[in-house]
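J.: whatever this is, show me its structure:
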Amino acid sequence: MQSPPEPLIAACCAGDRDAFARLFDLCRDRVYAVALHMSGDPSAAADVTQDVFMKLLTRLPQFDARAAFTTWLYRIAINTAIDHQRRSRRVVPLPAALPDGRPPADDEYARAERKRRIGAALRALPVKLRAPLVLRHVEGLAYDEIATALGISAGTVASRLSRAHARLARELADLRA
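T.: A predicted model of the protein is given here:
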């Protein structure tokens, strides 16, 4: 995500509703993507995205321009997704049929099952391992950007990514065959 221009952020801080709408348009897809990868649920991701922008309305004046706006926004998105997960423990059912009620074809089923397993393995990771993984591989952030967004050192980012990769590799080893 590209950082919004400083005049746009300044206008938002001054209470300009049109500027906030432009900021929302610039950032909503990336915030939703982070929320979706953290939760695995489109409905929860939409709720998290809404919560992030509601927080932004009140917290934007607290933004310190010494850091990148996007890094600050990712931090709010990750923390909001974590809070949302804590509030709503849920069970994800395994779909037995396609939306039209017919059983999936073998290839479709295998693809859907692989995707489900990967998503389940990702969601099973502790948040401290999942968050850097999402920011690195989904959002494409550099280690130092992840470190800033999560309030940890770059070395800790590297360590957590390594542990996350190892856990996923063990959990999903049978998918390589």
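J.: which stretches in the protein count as helices?
T.: Assigned by DSSP state H, the helices in the chain fall at 6-13, 17-39, 42-59, 69-87, 106-124, 127-137, 143-150, 154-171.
J.: got JSON lines for those, with mean pLDDT and mean neighbour count too?
T.: Any C-beta I mention is one placed from the backbone N, CA and C, and that applies to glycine too. Converted to JSON lines, the helices of the chain look like this (pLDDT from 0 to 100; neighbours: other CB atoms under 10 Å):
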{"stretch": "helix 6-13", "mean pLDDT": "86", "mean neighbour count": "15"}
{"stretch": "helix 17-39", "mean pLDDT": "92", "mean neighbour count": "18"}
{"stretch": "helix 42-59", "mean pLDDT": "92", "mean neighbour count": "17"}
{"stretch": "helix 69-87", "mean pLDDT": "89", "mean neighbour count": "20"}
{"stretch": "helix 106-124", "mean pLDDT": "82", "mean neighbour count": "13"}
{"stretch": "helix 127-137", "mean pLDDT": "91", "mean neighbour count": "21"}
{"stretch": "helix 143-150", "mean pLDDT": "91", "mean neighbour count": "20"}
{"stretch": "helix 154-171", "mean pLDDT": "93", "mean neighbour count": "16"}
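J.: domains of the chain?
T.: Using automatic domain parsing, the domain ranges for the chain come out as 6-87, 106-176.
J.: any idea how far residue 147 is from residue 160?
T.: Per CB to CB, to the nearest Å, residue 147 is found 10 Å from residue 160.
J.: check residue 40 too.
T.: Distance of residue 40 to residue 160, computed by CB to CB: 19 Å.
J.: and what of residue 75?
T.: Distance, residue 75 to residue 160, using CB to CB: 15 Å.
J.: report the central residue of this protein.
T.: With distances taken as CA atoms, centre = their mean, residue 34 lies nearest the centre of the chain, 1.8 Å away.
J.: that one reaches residue 78, doesn't it?
T.: Yes: checked against CB atoms under 8 Å, the pair residue 34 and residue 78 is within contact range at 6.7 Å.
J.: quick check: neighbours shared by the two?
T.: Residues touching both residue 34 and residue 78 by CB atoms under 8 Å, 6 or more residues apart in numbering: 134, 135.
J.: how about residue 66, phi and psi?
T.: With angles defined as degrees, to the nearest 10, residue 66 sits at phi -70, psi -30.
J.: next, count neighbours for it.
T.: By the criterion of other CB atoms under 10 Å, residue 66 has 5 neighbours.
J.: now it: how far from residue 118?
T.: 37 Å.
J.: what does residue 59 give?
T.: Distance, residue 59 to residue 118, using CB to CB: 33 Å.
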